[in-house]
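Student: I would like the atomic coordinates for the input below:
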Amino acid sequence: MKVVLFHHLQKGNAPEVARKVCLALHRNGMEVWADLRCLGLLGDMSFICYAPFLEAVQDADVAVAIGGDGTILHCARHVVGTKAKLLGINTGRLGFLASMEPDQIGEIARLQTGDYRVSKRMLLRGKVLDKTGTCLRELTALNDIVISRNFSRVIEFTVSRNNVVLGEYRADGVIFSTPTGSTAYALSAGGPIIEPEFSCIEMTLICPHSLSARPILFSPESRLCVSLQEQDVRDVYISADGAPPICLDAYHRMEIYRSPHEISLIDLSGNTFFDSLNRKMMQSLKGESEKEKVTKWEKKSDTPQSWN
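Tutor: Numbers count the residues shown, from 1 in each chain. Below you'll find the model as predicted:
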């Protein structure tokens, strides 16, 4: 089994975790690959093979992303179109897309035996078209595609579904998300939580200038189109999964639809989606343990209170 590492070298304890993961993979008879940029960190481990990640992942069985949700999303973009399954190990804050924490690295041996669950996740495809219909840019997203403006300025735009106009909107922007992305930016904007194996496209407006605007769920076969209604368009951008944004012009149209590809996420935790939701979305900021919280409370209790 070929396993290739993808990790954020500056993300917390990611370098230390990467070394432990490599040793665990090697001890369990798996072939370990890493990007050439990791030579300085992992060069003393002679069993590791090196190649650019995009090259190594083409025939890999598993890609292991070590970092936060941003790192996992970045890795997912490179895994699309390959046979590799994606395993996330969280060294960030929330790590909602990760199924393992650094203290669970011993579980990685189950990759060799196939003792794990695979969750198939739909992706979104986005296209930026000019006025002739020529595709200028393509985007792929596991979480969401966002159209927004700098400095919280309102955008006026029209949304169509399968060539039928749904409505004209005034808002700070709009989020098109997958079920996986429903617990990310869309949730903060007031969207619903959707089970990740469910297939649909969610549209959530960002701060709409309306009393009646609500999130909408579309069938996965829907083809959505966004047209800007302003002649003087400035500082309007489109971005997929938080990647560097693309600046839009007044004559651009954006198409959003289901990608023909899927991502296979490996789950070694054994928890259900709602277990993870309750544990990760309801917890306080990661890094503050129960013991630390009690200590803070005790210190606060020992401080004399003023009743004036």
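Student: Can you tell me the closest non-neighbouring residue to the spatially most central residue of the chain?
Tutor: Using Cα atoms, centre = their mean, the residue of the chain that lies closest to the mean C-alpha position is Leu73, 3.9 Å off. The spatially closest residue to Leu73, leaving aside those adjacent along the chain, is Asp241, at 4.4 Å (Cβ to Cβ, 6 or more residues apart in numbering). C-betas here are computed from N, CA, C, even on glycine.
Student: what's near enough to touch that neighbour?
Tutor: Counting by Cβ atoms under 8 Å, 6 or more residues apart in numbering, Asp241 makes contact with Leu73, His74, Ala76, Arg77, Ala141, Leu142, Asn143, Asp144.
Student: And for Ala189?
Tutor: Residues in contact with Ala189 (Cβ under 8 Å, 6+ apart) are Ile175, Thr204, Leu205, Ile206, Cys207.
Student: Now intersect these with the strands, please.
Tutor: Counting by DSSP state E, the part of those found in strands is Ile175, Thr204, Leu205, Ile206.
Student: Can you tell me which of these is nearest Leu277?
Tutor: Comparing those against Leu277 with Cβ to Cβ picks out Thr204 as the nearest, at 17.9 Å.
Student: mind giving me the domain split of the chain?
Tutor: For the chain, whose domains are defined here by automatic domain parsing, the residue ranges read 2-116+268-286, 123-260.
Student: averaging pLDDT over each of the ones you listed, which comes out lowest?
Tutor: For the domains of the chain, the stretch scoring lowest in mean pLDDT is domain 2-116+268-286; its value is a mean of 90.
Student: how many neighbours does Arg279 have?
Tutor: Using other Cβ atoms under 10 Å as the criterion, Arg279 is surrounded by 12 other residues.
Student: So it lies in a helix, does it not?
Tutor: Yes: with the criterion set as DSSP: H, G, I helix; E, B strand; the rest coil, the secondary structure at Arg279 is a helix.
Student: how close does it sit to Ser239?
Tutor: Plainly put, Arg279 is 29 Å away from Ser239 if you go by Cβ to Cβ, to the nearest Å.
Student: show me where the stretch 151-300 of the chain has strands.
Tutor: Counting by DSSP state E, counting those that start in this stretch, the stretch 151-300 of the chain forms strands over residues 155-161, 164-171, 173-177, 201-206, 216-218, 223-228, 236-240, 246-247, 253-267, given from the N-terminal end onward.
Student: hmm, who's touching the fourth one?
Tutor: Spelled out, that is strand 201-206. Strand 201-206 is contacted by residues 124, 146, 148, 159, 169, 171-179, 181-182, 186, 189-192, 194, 213, 215-220, 222, 224, 256-258 when judged by Cβ under 8 Å, 6+ apart.
Student: from those, which would you call buried?
Tutor: 124, 146, 148, 159, 169, 171-179, 181-182, 186, 189, 191, 194, 213, 215-218, 222, 224, 256-258 (16 or more other Cβ atoms under 10 Å).
Student: follow-up on the earlier one: quick one: buried ones out of the contacts of Ala189?
Tutor: The neighbour-count test (16+ other Cβ under 10 Å) applied to those identifies Ile175, Thr204, Leu205, Ile206 as buried.
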